[in-house]
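Below are the sequence and a predicted model; questions follow.
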Amino acid sequence: MDIIAKLTTEFKIQRKQVENTVALIDEGNTIPFIARYRKEVTGGLSDEVLRELNDRLMYLRGLEERKVEVIRLIDEQGKLTDELRNEINKAEVLQRVEDLYKPFKQKRQTRAGKAKERGLEPLAIIIKLQQEKSGDIYEIAKPYVNPEKEVNTPEAAVQGALDIIAEIIADDADYITELREKTWESGLISVEATDPEEKNVYDAYYGQTELISKIPNHRILAINRGEKEGKLKVKVDTEQEKMTTYLKSQVITGESIFKDVLSDTVEDSYKRLIAPSIEREMRNLLTERAEDEAIKVFAKNTEKLLMVPPVKGKRIISIDPGYRTGCKVAVIDETGKLLAYTTIYPTQPKNDVAGTEKILKQLIEKYGINVIVIGNGTASRETEEVVAGFLKKNSYDVVYTIVNEAGASIYSASKLATEEYPDLDVTTRGAMSLGRRLQDPLAELVKIDPKHIGVGQYQHDMNQKKLDGALSGVVEDCVNRVGVDLNTASPSLLSYVAGISSTIAKNIVKYREEKGRFKNRKELLKVDKLGPKAFEQCAGFLRISGGDEPLDQTGVHPESYIAAKKMMSKAGITGDDIKSGGVKDIYERILFAYPSLKKEDSLDKLAGDIAIGVPTLKDILDEMKKPGRDPREDAPEVVFRSDVRSFEDLKEGMEMSGTVRNVVDFGAFVDIGVKQDGLVHISQLSNSFVKHPMDVVSVGDNVKVKILAIDKEKGKISLTMKL
């Protein structure tokens with residue numbers, strides 16, 4: 001297979017782009033580095049496309065390796081034909097290769113295997129050829145009777161031979177391919193309750209039947225979980241007669257004395273061997289499809305959450321709510337440094353509202369607090385009511401917001417948190433983390449396994465290796481898109497920078513602690529284990545403010561400094577211009593340097609003059625215009641509140657604003673200011689057809705919604721965006 005040609009066709013890009021990208025990957029370059037600093041080579045492929053191309057490249061290479069292995073294994077058995085070799089080499093999916101290998105694969109002891117050991121394979125061949133038009137089957141079988149091999153009668157000999165034929169039918173790659181397609185087209189997934197009387201979260205699926213090809217991904221994951229928990233029984237139903245009719249048309253070649261026994265054998269082969277195998281395949285295929293889609297949604301949600309804009313320059317009271325043990329409070333300054341911590345008891349059983357208000361008053365006045373952050377877990381609603389009531393009674397210029405606390409408890413009890421704050425208890429670390437999530441979501445959330453940050457669905461039921469790989473890629477892309485302050489970043493954040501391992505990240509922090517602030521990017525080469533290749537990959541993503549080299553605070557890669565300085569000279573730009581916030585009129589300056597040319601022509605001329613590609617030149621100019629620009633500035637801002645709304649305040653038909661907290665296959669969950677998020681079902685997202693909720697909304701979006709229905713008993717709110 002020409003892998004380059006296949007990738008070119010699948011991704012609808014030029015062959016040269018694929019060749020160059022594959023070469024860069026094979027050289028050990030990271031995806032963020034390729035996406036940002038090799039645009040001329042790849043033709044400007046995005047990090048998302050590059051990751052997909054890399055995944056597909058790995059699959060196709062694995063496919064080719066498996067073909068070579070399968071051909072070798074069959075050849076060692078002396079059974080490889082030119083036709084079979086060609087069929088294997090033509091295969092475009094791994095499943096086809098395995099189908100072709102199946103007849104030659106070592107099997108555990110089967111009925112057919114035992115029959116072969118008893119010398120019945122020649123009889124099976126006679127029956128399969130169907131050449132006898134008259135006579136008696138059992139007379140033909142008599143020579144194969146052998147009591148020493150437990151073949152005591154002609155009937156036993158015939159049965160053994162038919163077992164061999166049943167396995168031959170079940171191992172035929174072409175038959176299986178056809179039956180697989182028929183099952184996909186017309187097969188049904190049937191769901192039953194293990195206990196029809198039991199009421200549980202899965203009772204909506206009791207007695208449900210759906211076409212395999214039509215069942216939604218989220219439903220697959222739900223019934224898989226229900227089956228795993230022993231609440232549901234799931235099976236694949238097929239049109240058995242349709243399947244066996246097809247098989248009989250392939251196996252039975254005409255009238256012969258073997259027609260009836262072959263007909264029975266086909267039915268046995270399908271029912272005993274083929275149907276169970278295809279059922280497993282269908283279930284696996286559906287699960288894999290559902291997992292892949294769920295992982296894509298999870299990854300996109302994670303990206304949106306990580307790219308929520310940081311809330312800078314705020315002093316924060318961060319509250320981790322609780323009942324019996326109280327609410328843990330941490331006070332942090334603008335940089336996330338812990339100033340104070342305590343415990344308040346605004347909720348049951350103490351209900352110490354007066355004491356809580358007294359402490360809040362003291363903290364606000366002593367530390368100049370701007371924002372109060374409340375975690376959204378247990379006792380969040382009650383704590384919010386007290387905070388909102390307190391703010392309403394006082395004239396402080398303070399607002400509050402709710403922060404998703406998913407994963408905070410995991411982080412606060414982790415080895416990492418213990419290393420970062422060895423003198424603090426677990427609960428204080430958790431409260432502190434919530435406040436820092438508001439100040440810089442990306443820097444704080446990278447400390448937590450991405451699957452624990454609360455924007456997925458059925459994440460614990462998925463292929464964990466595949467999920468971890470996808471989410472790690474998303475975090476890596478986000479971190480490198482934003483850039484990292486080399487002199488303040490934690491090891492957790494640094495470890496996601498292109499080319500930096502967790503060991504190198506710790507070495508960077510160790511160097512910083514021993515030698516002081518990094519003064520320039522070149523100094524990175526003095527860090528233990530950070531060699532030239534790692535430097536090439538990471539340098540452009542690490543920022544240094546107030547250092548020796550003004551360009552170090554931008555996303556310009558050191559390899560382009562010579563070209564960048566030539567450009568600065570032509571445009572009359574100094575290092576002080578960069579340090580003072582950039583050059584807003586940089587494109588005008590370029591035009592001024594080439595007065596006879598239009599904008600695009602001037603860029604082409606400048607790129608040629610300084611020996612650099614136009615895409616890289618544009619990136620450099622954008623960095624000069626706004627050095628170290630944070631792409632998170634384009635995302636919706638955090639919504640702050642000063643008052644609270646209760647569940648009882650809600651009425652059908654009420655219109656309000658909300659923030660999207662999670663997006664799943666069947667809709668979006670929106671925070672409208674009460675404890676329970678409301679659901680906008682996919683059918684209520686837009687007046688036009690919506691293929692997937694992500695086509696309309698993303699995590700962090702601020703949206704207008706209307707209440708469709710309220711179920712107070714279950715605490716459910718149905719919303720619509722069709723206003």
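That came in fine, so what should we check first?

If you count neighbours, what's buried in stretch 160-180?
By 16 or more other Cβ atoms under 10 Å, the buried positions in stretch 160-180 come out as 160-173, 175-176, 179-180. Any C-beta I mention is one placed from the backbone N, CA and C, and that applies to glycine too.

list the helices and strands the longest helix seen in the chain packs on?
Counting residues, the longest helix in the chain under DSSP state H turns out to be helix 275-306. For helix 275-306, the elements it packs on are helix 173-186, helix 217-228, strand 232-237, helix 441-445, helix 464-482, strand 655-664, judged by 3 or more Cβ pairs under 8 Å, 6 or more residues apart in numbering; DSSP states H and E.

tilt between the third one and helix 173-186?
What that stands for is strand 232-237. With axes from the mean of the first three to the mean of the last three Cα atoms, to 10 degrees defining the directions, strand 232-237 sits at 120 degrees from helix 173-186.

picking up where we left off before, and the longest helix of the chain, how far out from the chain's middle?
With Cα atoms, centre = their mean, to the nearest Å as the basis, helix 275-306 stands 10 Å off its chain's centre.

one step back: select, out of the helices and strands packed on helix 275-306, the one closest to residue 251.
Evaluated over those, closeness to residue 251 peaks at helix 173-186, with 8.4 Å, by Cβ to Cβ.

For that closest one, name the packing helices and strands.
Using 3+ Cβ pairs under 8 Å, 6+ apart, helix 173-186 sits against helix 94-101, helix 240-251, helix 275-306.

Is it possible to get JSON lines of those that adds distance to residue 78, mean neighbour count and mean pLDDT?
Converted to JSON lines, those look like this (distance: least, Cβ to Cβ, whole Å; neighbours: other Cβ atoms under 10 Å; pLDDT from 0 to 100):
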{"stretch": "helix 94-101", "distance to residue 78": "15", "mean neighbour count": "18", "mean pLDDT": "95"}
{"stretch": "helix 240-251", "distance to residue 78": "26", "mean neighbour count": "16", "mean pLDDT": "96"}
{"stretch": "helix 275-306", "distance to residue 78": "27", "mean neighbour count": "19", "mean pLDDT": "92"}
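
Which residue is the nearest non-sequential neighbour of residue 291?
Leaving out its chain neighbours, the residue that sits closest to residue 291 by Cβ to Cβ, 6 or more residues apart in numbering is residue 462, at 4.7 Å.

was I right about residue 702 contacting residue 658?
Yes. Residue 702 lies in contact with residue 658 (Cβ atoms under 8 Å); the separation is 7.4 Å.

Spit out the contact partners of residue 444.
If you count contacts by Cβ atoms under 8 Å, 6 or more residues apart in numbering, residue 444 has them with 433, 436-437.

for residue 319, helix, strand, or coil?
strand (DSSP: H, G, I helix; E, B strand; the rest coil).

Test my guess that it contacts residue 326.
No. Counting by Cβ under 8 Å, residue 326 is not a contact partner of residue 319; they are 10.1 Å apart.

Of the two, which one has the most company?
Using other Cβ atoms under 10 Å as the criterion, residue 319 and residue 326 rank with residue 319 on top: 29 against 20.

what's the spacing between the more buried one and residue 716?
26 Å (Cβ to Cβ, to the nearest Å).

try residue 34
Separation of residue 34 from residue 716 (Cβ to Cβ) stands at 46 Å.

Who has more neighbours out of the two?
Neighbours were counted for residue 34 and for residue 716 using other Cβ under 10 Å; residue 34 has more, 23 against 13.

among the helices and strands packed on helix 275-306, which is the most enclosed?
Sort those by mean neighbour count, taking mean count of other Cβ atoms under 10 Å, and helix 441-445 sits at the top with a mean of 24.

what about that helix, distance to the chain center?
That offset, for helix 441-445, works out to 18 Å (Cα atoms, centre = their mean).

that older thread, nearest to residue 304, of the helices and strands packed on helix 275-306?
It's strand 655-664; of these, that one is closest to residue 304 (Cβ to Cβ) at 8.2 Å.

Quick check: what element follows that closest one along the chain?
strand 667-671 (DSSP states H and E).

List the contacts of that following strand.
Residues from elsewhere that reach strand 667-671 (Cβ under 8 Å, 6+ apart): 402, 658-663, 677-682, 684-685, 693, 696-697, 703, 705, 719.

now the angle between strand 655-664 and that strand, please.
130 degrees.

how far away is the nearest residue to residue 21 once chain neighbours are set aside from residue 620?
Using Cβ to Cβ, 6+ apart and skipping residues adjacent in sequence, the residue nearest residue 21 is residue 42, 5.1 Å away. Remark: distance between residue 42 and residue 620 (Cβ to Cβ) = 18 Å.
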